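> give me coordinates for this.
(one chain, ligands or ions: 1)
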Amino acid sequence: MSIHKKDFKKITTNVLQEMKRNGEKISMLTAYDYTMAKMVDMAGIDVILVGDSASNVMAGHETTLPITLDQMIYHASSVVRAVDRALVVVDLPFGTYQGNSKEALNSAIKVMKESGGHSVKLEGGAEIIESVQRILTAGIPVMGHLGLTPQSIYKFGTYTVRAKEEEEANKLIEDAKLLEATGCFALVLEKVPAELAQKVAETISIPVIGIGAGSGVDGQVLVTHDLLGMTHEFSPRFLRRYLSLFDEITGAIKEYVQDVKSVDFPNEKEQY
Ligand code: KIV
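A predicted model of the protein is given here:
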């Protein structure tokens, strides 16, 4: 599907909830810059996530922890300038909302004011519920994120599948219900067993968007650079690559280098 100005309905949190009620799957992808966001939005994606995965993908950090609020705002404002249709969700980065609900509210307000994003995403359940509550009181829509929560990587110690054991699975279901009851408009479930993810999606009324969580949820999210094969060292089972852009781009650049060295570029038609 490709979209053109005027022939679309803007995606809001209400539209996403209506999609769940109608059984229409929700598509979500990441973007961190204007050019990519323009292509993703024009292709008809429902939700664009300005993920803190920008810390890995854009800045080359090993984890999502180092990215700052101002850096997230820079990425988010670039994305917002490109988007006509999709709902833009912005990750609150590590250290800007945990353990202090007043700081959480200030962080969310700063994101909304300075980036123009439409909502924020926070990782965690009961342990961050005061922050979620306080942000919601300011009229800012909140998306939850449970399962593998990369901001807690040093607590988990590994990026393997979460909630395989009953105790953790039960806590995840309770956290999902709590986030719904508190007023979150949707929930991301990352790297959890498909059966558990489907159970959560059937239990709560808000949309559940999965990444590595099987097909029984209400929508799917991937990191766009992974889907396009621009990253090539990361190959989890849940990832489907639609292109191999790493190879295509390095191939094209090698050709350019050769053309410059051999004075094939620029030719007569490519100069004034
Ligand atoms: O930051 C991110 O890209 C995310 C997705 C993996 C859901 O949170």
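> would you agree Leu178 falls within a strand?
No: using DSSP: H, G, I helix; E, B strand; the rest coil, the assignment for Leu178 is helix, not a strand.
> can you read off the pLDDT for it?
For Leu178, the model assigns a pLDDT of 98.
> wait, isn't it in contact with Glu127?
No: with contact defined as Cβ atoms under 8 Å, Leu178 and Glu127 do not form a contacting pair (10.5 Å). Where C-beta positions appear, they are placed from N, C-alpha and C, glycine not excepted.
> of these two, give the one with the bigger neighbour count.
Leu178 (16 against 12; other Cβ atoms under 10 Å).
> for the more buried one, which residues are in contact?
When contacts are counted by Cβ atoms under 8 Å, 6 or more residues apart in numbering, Leu178 touches Gly125, Ala126, Ile129.
> at 6 Å what do you get?
Listed by Cβ atoms under 6 Å, 6 or more residues apart in numbering, the contact set of Leu178 reads Ala126.
> again, but for Ala176
Contacts of Ala176 by Cβ under 6 Å, 6+ apart are Leu187, Val200, Ile204.
> the closest residue in space to it that isn't next to it in sequence: how many residues sit nearby?
Closest residue to Ala176 apart from its sequence neighbours, by Cβ to Cβ, 6 or more residues apart in numbering: Val200 at 4.9 Å. Neighbour count of Val200, defined by other Cβ under 10 Å: 26.
> and what of Thr96?
Thr96 has 23 neighbours, counted by other Cβ under 10 Å.
> from what I can see it touches Leu69, true?
Yes: under the criterion of Cβ atoms under 6 Å, Thr96 makes contact with Leu69 at 5.1 Å.
> what's the overlap in contacts for these two?
The contact lists of Thr96 and Leu69 share Ser107, where a contact means Cβ under 6 Å, 6+ apart.
> quick check: buried residues in the lowest-mean-pLDDT helix or strand in the chain?
Taking mean pLDDT, DSSP states H and E as the measure, the helix or strand of the chain with the lowest value is helix 153-156, at a mean of 95. Neighbour counts using 16 or more other Cβ atoms under 10 Å place Ile153 of helix 153-156 among the buried residues.
> so what's the closest residue to the ligand within the stretch 51-200 of the chain up against?
Closest to the ligand within the stretch 51-200 of the chain is Gly51: 2.4 Å, counting by Cβ to the nearest ligand atom. By Cβ under 6 Å, 6+ apart, the contact list for Gly51 reads Thr30, Asp91.
> still on that earlier bit, which outside residues touch the helix or strand hosting the residue nearest to Ala176?
Assigned by DSSP states H and E, Val200 belongs to helix 194-203. By Cβ under 6 Å, 6+ apart, the surrounding residues in contact with helix 194-203 are Ala163, Ala169, Ala176, Leu189, Val208, Gly210, Ala213, Gly214, Gly216, Val217, Asp218.
> again with stretch 157-175
With Cβ under 6 Å, 6+ apart, stretch 157-175 has contacts from Gly125, Ala126, Leu146, Gly147, Leu148, Lys191, Val192, Leu196.
> so how far is that stretch off the chain centroid?
Centre-to-centre, stretch 157-175 and its host chain are 20 Å apart (Cα atoms, centre = their mean, to the nearest Å).
> ok, stretch 215-233 next?
10 Å.
> what does stretch 225-244 give?
15 Å.
> mind giving me the domain split of the protein?
Domain segmentation of the chain under automatic domain parsing yields 13-241, 244-272.
> so Val132, which of the three states?
helix.
> that one contacts Thr182, correct?
Yes: between Val132 and Thr182 there is a contact at 5.3 Å, judged by Cβ under 6 Å.
> more crowded one of those two?
Val132 (23 against 16).
> OK, contacts around the more buried one?
Val142, Thr182.
> please apply the same query to Leu146.
By Cβ under 6 Å, 6+ apart, the neighbours of Leu146 are Gly125, Leu172, Asp175, Leu189.
> so the last one is in contact with Thr149, correct?
No: the pair formed by Leu189 and Thr149 falls short of the contact definition of Cβ under 6 Å, at 10.4 Å.
> the more surrounded of these two?
Leu189 (28 against 20).
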